[in-house]
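**Student:** prediction below, plus the sequence it came from.
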Amino acid sequence: MSVIILGIETSCDETSSSVLVDGAELRSNIISSQIEVHQKFGGVVPEVASRKHLENINSVIIESLEKAEVSLKDITAVAVTYGPGLVGALLVGVAAAKALSYALDIPLIGVNHLEGHISANFLAQPGLEFPLICLVVSGGHSDIVYLPNRGEYQLLGRTRDDAAGEAFDKVARAMGLGYPGGPLIDNLARQGNSQAVKFPRAFLEEGSLDFSFSGLKSAVLNYLNRSKMLNEEINRADLAASFQRAVVEVLVDKTISAARRTGVKTIITAGGVAANGELRNLLLEKAGEAGCKVFFPPLNLCTDNAAMIACAGYYKYLRGDFAPLSLNAIPGLTL
Ligand code: KG4
Ligand code: ZN
């Protein structure tokens with residue numbers, strides 16, 4: 001009998017539901033984005049996000065079932081993100097999943113959002129072999145994770161201040177580009193010279209696999225302020241390209257160091273920033289030089305979606321790792 005997982009994701013500003021059969025056959029992955037609603041505020045407003053999730057959750061779940069051509073009685077288990085994320089947003093998904101689990105008498109599976117992002121790799125490449133090094137780069141996290149086996153995560157490095165995606169978003173906002181900043185900077189940078197402006201790279205202490213992006217962010221803000229004060233024209237594409245290069249060089253350098261140190265030959269990537277063109281190019285190049293293979297999830301599975309949650313849920317289902325109906329949202333959940 002097939003294992004059919006219904007995945008639900010509501011941790012930030014996407015309401016998403018997905019149907020995944022036997023861990024590999026993605027039947028549907030419906031994503032209702034709230035980006036337009038939050039754009040006018042320049043970032044996600046938590047209360048608005050929860051309200052929008054509440055308005056959308058039922059229709060998104062129904063659409064995912066219809067597109068997958070399955071009915072509720074066909075579902076084997078329901079997997080839901082229960083953290084990390086915005087508490088009011090998480091609670092909407094968790095409540096919906098608990099209601100389905102109780103009403104249909106099927107297992108409830110709680111998924112860590114970061115484990116979801118990492119699992120997007122297994123959807124695209126079910127044959128990936130452990131051990132792996134994963135660079136997790138999203139709006140809230142910049143982590144280097146060692147995976148000795150499936151479902152086991154050891155944190156080797158993390159950001160000490162801003163996450164990589166957060167730095168992209170804040171710099172884009174200061175440049176008046178809009179929200180979310182990552183894709184906008186990625187596009188603008190394609191016409192720019194990444195060597196035009198010299199920005200600092202924070203490598204931290206010798207051997208550290210941690211990141212710090214707040215100094216770089218301040219350097220960009222200072223550059224913008226100085227240009228404004230002096231009434232100097234700036235080349236926005238050069239600025240975007242130079243900032244992006246400074247972020248990407250540090251991400252790539254530390255990821256390769258982590259692979260070298262652990263002797264791991266396969267690198268995977270996860271989270272919204274893994275969609276970045278410059279990161280993809282430089283990591284491919286440097287991983288090749290280090291004798292490592294590197295995999296990126298397809299672009300649509302890098303940013304938040306429920307397919308990755310269903311995939312993580314599938315492997316938890318196989319392990320019998322179920323949650324009680326008392327499952328609660330945990331905004332600060334770690335891997
Ligand atoms: O993983 P995600 O969808 O949500 C979180 O869990 O945070 O990541 C969103 C982040 C945002 O900061 C967004 O600006 C960034 O990923 N992002 C990108 C790109 N696409 C999305 N950053 C750089 N380049 C991109 N192409
Ligand atoms: Zn995410």
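**Tutor:** Arrived safely, thanks for sending. Ligands and ions are numbered 1, 2, ... in the order given.

**Student:** helices and strands around the worst-scoring helix or strand of the chain on mean pLDDT, which ones?
**Tutor:** Lowest mean confidence among the helices and strands of the chain (mean pLDDT, DSSP states H and E): helix 35-39, at a mean of 85. Counting contacts by 3 or more Cβ pairs under 8 Å, 6 or more residues apart in numbering; DSSP states H and E, helix 35-39 is packed against helix 46-68. Every residue, glycine included, has its C-beta placed from N, CA and C.

**Student:** would you mind measuring from Gly7 to Ala219?
**Tutor:** 40 Å (Cβ to Cβ, to the nearest Å).

**Student:** those two: which is more packed in?
**Tutor:** Gly7 (34 against 18; other Cβ atoms under 10 Å).

**Student:** could you give the angle of the helix or strand containing the more buried one to helix 46-68?
**Tutor:** Assigned by DSSP states H and E, Gly7 falls within strand 4-9. Between strand 4-9 and helix 46-68, the angle comes out at 160 degrees (axes from the mean of the first three to the mean of the last three Cα atoms, to 10 degrees).

**Student:** which neighbours in the sheet does the helix or strand following strand 4-9 have, and how are they oriented?
**Tutor:** Downstream of strand 4-9, the first helix or strand assigned by DSSP H and E is strand 14-21. Strand 14-21 has the following sheet partners, assigned by DSSP bridges: strand 4-9 (antiparallel), strand 25-33 (antiparallel).

**Student:** is any residue of the longest one near ligand 2?
**Tutor:** In this case it means strand 25-33. No: Strand 25-33 does not reach ligand 2 (Cβ under 5 Å from the ion); its nearest approach is 11.9 Å.

**Student:** list of residues touching that strand?
**Tutor:** 13-21, 56, 60, 63-65, 67-70, 123, 300-301, 304-307 (Cβ atoms under 8 Å, 6 or more residues apart in numbering).

**Student:** ok, and the closest non-adjacent residue to the closest residue to ligand 2 within the stretch 101-250 of the chain?
**Tutor:** Going by Cβ to the ion, ligand 2 is nearest to Ser138 of the stretch 101-250 of the chain, at 4.4 Å. Leaving aside its sequence neighbours, Ser138 sits nearest to Gly271 (Cβ to Cβ, 6 or more residues apart in numbering; 3.3 Å).

**Student:** which parts of the protein are helices?
**Tutor:** For the chain, the helices defined by DSSP state H cover 35-39, 46-68, 87-104, 113-124, 164-174, 181-189, 214-229, 236-262, 277-289, 307-319.

**Student:** mean pLDDT lowest where, among those?
**Tutor:** Between the helices of the chain, the lowest average pLDDT goes to helix 35-39, which shows a mean of 85.

**Student:** is ligand 1 within reach of that helix?
**Tutor:** No: no part of helix 35-39 sits close enough to ligand 1 to count as contact by Cβ under 6 Å from any ligand atom; the gap is at least 10.1 Å.

**Student:** also stretch 158-178?
**Tutor:** Yes: applying Cβ under 6 Å from any ligand atom, one finds stretch 158-178 touching ligand 1 at 165, 168-169.

**Student:** how about that stretch as PDB, C-alpha atoms only?
**Tutor:** C-alpha atoms of stretch 158-178 as PDB (Å, rounded to 0.1, in the frame of the first residue of the first chain):
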ATOM      1  CA  ARG A 158      25.500  29.300  12.600                       C
ATOM      2  CA  THR A 159      25.100  33.000  12.300                       C
ATOM      3  CA  ARG A 160      25.900  35.100  15.300                       C
ATOM      4  CA  ASP A 161      23.600  38.000  14.200                       C
ATOM      5  CA  ASP A 162      21.700  38.400  10.900                       C
ATOM      6  CA  ALA A 163      20.800  35.400   8.700                       C
ATOM      7  CA  ALA A 164      22.000  35.600   5.100                       C
ATOM      8  CA  GLY A 165      18.400  36.100   3.800                       C
ATOM      9  CA  GLU A 166      17.800  38.800   6.400                       C
ATOM     10  CA  ALA A 167      20.900  40.600   5.200                       C
ATOM     11  CA  PHE A 168      19.600  40.500   1.600                       C
ATOM     12  CA  ASP A 169      16.200  41.700   2.700                       C
ATOM     13  CA  LYS A 170      17.600  44.600   4.800                       C
ATOM     14  CA  VAL A 171      20.100  45.800   2.100                       C
ATOM     15  CA  ALA A 172      17.400  45.600  -0.500                       C
ATOM     16  CA  ARG A 173      15.100  47.700   1.700                       C
ATOM     17  CA  ALA A 174      17.800  50.300   2.200                       C
ATOM     18  CA  MET A 175      18.300  50.400  -1.600                       C
ATOM     19  CA  GLY A 176      14.600  50.900  -2.100                       C
ATOM     20  CA  LEU A 177      14.300  47.700  -4.000                       C
ATOM     21  CA  GLY A 178      11.300  46.200  -2.200                       C
END
